[in-house]
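>>> Dropping a prediction and its sequence here:
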Amino acid sequence: MAVVELGRPVKSNLGGPNGAMAYIINPAKTDGGRLVSSNYERTGTDYDALADPMLEDNENSPKGIRKNSRLAYHIKLSFSPDDPVTPEKVHELGVEFAHRITSDEYKFVVATHTDRHHLHDHIMVCAASRYGRHLKAELPKDIIDQFGDKTLDGAAVYSANRNADGGETQIITDVVRDYTTQPSGDVTTTYDKLIRHYADLHAERIDAAIAQGKAQEILDAYADVTRNTDPASAEAQWASDRIDELVQKFTSLYELSIETVEEFNQVNGADNIKMKNSIVVNAKLNLKLYAALSVILFLFLGCFCAIFLGRLGDFVDYYLYVDKKSGLPNRERCDAMVDRYSTVRLNGQFTVIHIQVDLSGMSRNDGDKALRALGDQLQYVFRTLGFVGYNGAGHFIVLLEDCSIDRLSNLLAKTELAVFGPCVFVGVSNSAKDDAYEIRALLRLAIRRCADAKARQEAKNARKAAESSPLKSES
C-alpha cells in the first residue's frame with residue numbers, strides 16, 4: 001500500500017545546488033540519476049536544466065513570478081517495506097501518477113529514492129502551465145484526494161492478480177490503473193497522523209487534569225470550613241453577621257466610586273469648555289488667495305489626469321504585450337501580427353526572419369542577458385522597417401513588408417550576430433524568392449531553415465568532438 005503526501009509548495013530555491021530540485025535528484029539517492037524522469041528533459045543529474053524550464057514557465061504565465069509565488073508543488077509517494085515492488089516499478093508508478101495529475105499540461109520531475117528502508121518517489125510539478133497561456137493553476141486536488149486522503153483513511157484497493165498463498169496484493173498500482181476497488185473493512189492510517197492524534201489527546205488530558213485539580217481545591221476549601229458546623233451555633237451566626245457586614249462595606253465603596261467618577265467627568269468637561277473659550281477665532285478669510293490656490297490645484301490635477309490617460313494605453317500595452325526578458329513584443333503580439341497579415345496577399349518583397357538562441361549551454365542569468373542583448377540589437381536595426389517580436393523559448397521573429405534579400409544581408413551584418421557565437425541560428429524566407437505570398441507559409445519556411453542551420457551546427461560540433469576524442473587519438 002502506498003501513501004500520497006502533498007508537501008508545502010516550493011516558493012523559493014527551486015534551482016541551484018541547495019535547491020529543492022537538487023535534493024530530489026541527488027545521485028546518491030537515485031542510483032546515479034537512473035531513477036529520475038521528466039516530461040521535458042532527458043538529464044537525471046543536472047538540477048539547473050530541470051529547474052530553469054519550470055522557472056521560465058512561471059515567468060511566462062500572465063502574472064509572472066511575484067513575492068511568495070508558488071513555483072512548484074512537491075508530492076511524496078511512499079511505499080511500505082512489505083510491498084512487493086522494485087525501485088523500477090516504484091519509479092514507473094510515480095511517472096504514471098504524475099501523468100495522471102498533470103495531463104502533461106505541466107512540467108514534472110519524478111525521482112525515486114532508494115536510500116531509506118522504504119522506497120518512495122519525490123514528484124516536483126511546475127505551478128504554471130508549460131504553454132504559458134494559462135493562469136497559474138492549483139494542482140488537481142480531486143485527484144490528490146483520490147490517491148491521498150482515501151489511502152490515508154484506509155480505503156483498500158486490490159489488483160486482479162493473486163499471490164502464491166491466494167491472497168490479494170494491496171499496492172498503489174491498483175489505484176493508478178483503475179482496477180476494481182473494494183473496501184477492506186479495516187482502517188489504515190499513517191504513523192505521523194497517529195502521533196499527531198495522540199499528542200492532541202494527551203494535551204486535552206493535561207488540561208482536564210488541571211481543571212479537575214482547581215475544582216477539587218475549591219471544594220476542599222469549602223468542605224474544611226463547613227464540615228461539622230451547626231447552622232444554629234455561635235460560629236455560624238458570627239459568619240453570617242460577618243458576611244452582612246462585608247456586603248454593606250462593599251456596597252458603600254461602590255457608591256463612593258460612582259460619585260468619584262461623576263465628579264471627575266464634571267471637572268474634565270469644565271476644563272474642555274475653558275480651553276475652547278480661550279481660542280480666538282478670526283472670521284476674516286482671504287478669498288482671493290484661496291481662489292488662486294484652487295485654480296492652481298485644478299490645473300495641476302487636470303494636467304496630471306491628461307498625461308495619465310494619454311499614457312494609459314502605453315502602460316497597458318507594456319504590461320500585457322511586452323516580454324520582460326527581451327524588451328520586445330511577446331507571443332500574444334506576435335500571434336496578432338501573423339493573424340493581421342494572414343488576411344491579405346503579401347507583396348513581392350515581404351521577408352520573414354526567424355532567429356533562435358540555444359540557451360541549453362547557458363545559466364539562467366547568462367541566458368537572460370543574451371536575450372536582452374539580442375533583442376536590443378534587433379530592435380535597433382529593424383524597428384523602423386517592420387515588426388520585431390519575441391515568440392518565447394529563445395525564438396525571435398522579424399516581419400519586413402518591403403525588404404529584398406540583398407538589403408537584408410546588409411541589415412543582418414549590422415546586427416552583429418557573430419558576437420553571440422554558434423548559439424544563434426537564423427532562417428530567412430522571401431515572398432519573391434520562395435514564390436510564397438501567404439504569411440504562415442513564409443513563417444514555416446523561415447522556421448524550417450533555422451532548424452536546418454541548428455542541425456548543421458550540431459553535426460559540426462559532433463564531428464569536432466569525435467576528432468578530439470582520446471579514443472580516436474589512440475587508434
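Okay, I see it.
>>> so where's the stretch 251-400 of the chain shaky on pLDDT?
Scanning the stretch 251-400 of the chain for pLDDT under 70 picks out 271-285, 313-318.
>>> any chance you could map the helices in it?
287-321, 331-341, 364-382 (DSSP state H, counting those that start in this stretch).
>>> Only the buried residues of the shortest one, if you could.
Buried residues in helix 331-341, counting neighbours by 16 or more other CB atoms under 10 Å, are found at 331, 333-334, 337-338, 341. Quick note: C-beta positions are derived from backbone N, CA and C, even for glycine.
>>> List the backbone torsions phi and psi for Tyr47.
phi -70, psi -30 (degrees, to the nearest 10).
>>> What pLDDT is listed against it?
pLDDT, Tyr47: 93.
>>> in terms of contact, does it touch Gly19 like I think?
Yes: in this structure, Tyr47 is within contact of Gly19 by CB atoms under 8 Å, at 6.5 Å.
>>> which one of those two has more residues nearby?
More neighbours surround Tyr47 than the other of Tyr47 and Gly19, with 22 against 17 (other CB atoms under 10 Å).
>>> At which residues are the strands of this structure located?
With DSSP state E as the criterion, the chain has strands at 2-6, 36-38, 72-79, 108-113, 120-126, 351-357, 386-392, 395-400, 424-430.
>>> got the angle for the longest one vs strand 2-6?
Translated: strand 72-79. Computed by axes from the mean of the first three to the mean of the last three CA atoms, to 10 degrees, the angle separating strand 72-79 from strand 2-6 equals 160 degrees.
>>> still on that earlier bit, and the helices of the stretch 251-400 of the chain as CSV, adding distance to Asp207?
Shown next, in CSV, are the helices of the stretch 251-400 of the chain (distance: least, CB to CB, whole Å):
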stretch, distance to Asp207
helix 287-321, 54
helix 331-341, 59
helix 364-382, 52
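>>> So which bits of stretch 442-456 are buried?
Buried, per 16+ other CB under 10 Å, within stretch 442-456: 442-447, 449-450, 453-454.
>>> Nearest to Thr43 among the helices of the stretch 251-400 of the chain would be which one?
Nearest of these to Thr43, taken as CB to CB: helix 364-382 at 15.5 Å.
>>> Show me what the closest one is packed up against.
helix 47-60, strand 351-357, strand 386-392, strand 395-400, helix 405-414 (3 or more CB pairs under 8 Å, 6 or more residues apart in numbering; DSSP states H and E).
>>> low-confidence ranges in the stretch 1-150 of the chain?
1, 132-150.
>>> Recalculate using a threshold of 80.
For the stretch 1-150 of the chain, applying pLDDT under 80 flags the ranges 1-2, 6-7, 130-150.
>>> What are the boundaries of the helices in it?
Under DSSP H, counting those that start in this stretch, the stretch 1-150 of the chain gives helices at 20-24, 47-60, 87-102, 141-147, 149-152.
>>> between those helices, which gets nearest to Ala466?
Comparing the helices of the stretch 1-150 of the chain by CB to CB, helix 47-60 comes nearest, at 23.5 Å.
>>> which residues sit against the closest one?
Applying CB atoms under 8 Å, 6 or more residues apart in numbering, the contact partners of helix 47-60 are 14-17, 19, 21-22, 25, 38, 40-41, 43, 64-65, 69, 71-72, 106-107, 109, 124, 126-130, 132, 136, 324-325, 360, 363-364, 367, 392-393.
>>> Residues in a beta bridge with Ser37, which ones?
The residues listed as beta-bridge partners of Ser37 by DSSP bridges are Val110.
>>> Next, count neighbours for it.
Ser37: 18 neighbours (other CB under 10 Å).
>>> try the one 3 residues further on
A total of 16 residues lie near Tyr40 under the criterion other CB under 10 Å.
>>> which ones are touching it?
If you count contacts by CB under 8 Å, 6+ apart, Tyr40 has them with 53, 107, 130.
>>> what's the distance between the most centrally placed residue in the chain and Asn461?
Nearest to the mean C-alpha position of the chain, by CA atoms, centre = their mean, lies Arg70 at 1.9 Å. From Arg70 across to Asn461, the span is 38 Å (CB to CB, to the nearest Å).
>>> With distance to Thr86 added, can I get the strands of the chain in a markdown table?
Output for the strands of the chain, formatted as a markdown table (distance: least, CB to CB, whole Å):
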| stretch | distance to Thr86 |
| --- | --- |
| strand 2-6 | 14 |
| strand 36-38 | 15 |
| strand 72-79 | 10 |
| strand 108-113 | 10 |
| strand 120-126 | 13 |
| strand 351-357 | 42 |
| strand 386-392 | 40 |
| strand 395-400 | 42 |
| strand 424-430 | 43 |
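>>> Looking at those, spot the one closest to Ala232.
Closest approach to Ala232 among the strands of the chain (CB to CB): strand 2-6, 72.2 Å.
>>> now the angle from the closest one to strand 120-126?
Using the same axes, to 10 degrees: strand 2-6 against strand 120-126 is 30 degrees.
>>> Output the contacting helices and strands for strand 2-6.
On a contact count with 3+ CB pairs under 8 Å, 6+ apart, strand 2-6 meets strand 72-79, helix 141-147, helix 149-152.
>>> Quick check on the contacts of helix 47-60: which are buried?
By 16+ other CB under 10 Å, the contacts of helix 47-60 give 14-15, 19, 21-22, 25, 38, 40-41, 65, 69, 71-72, 106-107, 109, 124, 126-130, 132, 136, 325, 367, 392 as buried.
>>> Next one: Arg372 from Gly16, what distance?
Counting by CB to CB - Arg372 and Gly16 are separated by 22 Å.
>>> my bad, Lys433
For Lys433, the distance to Gly16 - CB to CB - is 47 Å.
>>> next one: Pro27
The value you get for Pro27 to Gly16, if CB to CB is used, is 16 Å.
>>> Ok, His395 next?
With distances taken as CB to CB, His395 is found 26 Å from Gly16.
>>> same deal with Tyr106?
According to CB to CB, Tyr106 stands 21 Å off from Gly16.
>>> likewise Arg340?
42 Å.
>>> just Leu201 next, same as before
Taking CB to CB, one finds Leu201 at 42 Å from Gly16.
>>> With Leu442 instead?
Distance of Leu442 to Gly16, computed by CB to CB: 42 Å.
>>> same check, this time on Leu93
29 Å.
>>> same question, Tyr23
From Tyr23 to Gly16 the distance is 11 Å (CB to CB).
>>> Touching, Tyr73 and Ala127? I think so.
Yes: if you go by CB under 8 Å, Tyr73 and Ala127 touch, sitting 6.3 Å apart.
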